[in-house]
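Peer 1: Model the following, please.
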Amino acid sequence: ERTLITSLVLEISDLNGQKRKLEETQTWLAGKQKDLEIILAPIRDLVNRAKSYQSQLSQTVGSLSSRQH
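Peer 2: Below you'll find the predicted structure:
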């Protein structure tokens, strides 16, 4: 029984260490996610403005095409 208890204590200690590492990794990943969101914000804005401009151009082309006929 003493061997079993020692084994269980070691396993629990190892699991606690793994848990701490996981929590540190989760914190690191959350920070990286925030960094990426900050980088992505202006890119998303640019893409949205480009789509809006594309839509305006399509309307203009459609209007010009209808005038030609």
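
Peer 1: hey, where'd the helices end up in the chain?
Peer 2: Taking DSSP state H as the criterion, the chain contains helices spanning 2-68.

Peer 1: Just want the most central residue of this protein.
Peer 2: Averaging the C-alpha coordinates of the chain gives a centre point, and the residue nearest to it by Cα atoms, centre = their mean is residue 33 (5.3 Å).

Peer 1: Return the residues in contact with that residue.
Peer 2: For residue 33, no residue counts as a contact, taking Cβ atoms under 8 Å, 6 or more residues apart in numbering as the criterion. Yep, even glycine has a C-beta here, placed from its N, CA and C like the rest.

Peer 1: Check it and give its pLDDT.
Peer 2: pLDDT, residue 33: 98.

Peer 1: Next one: it relative to residue 19, how far apart?
Peer 2: Per Cβ to Cβ, to the nearest Å, residue 33 is found 21 Å from residue 19.
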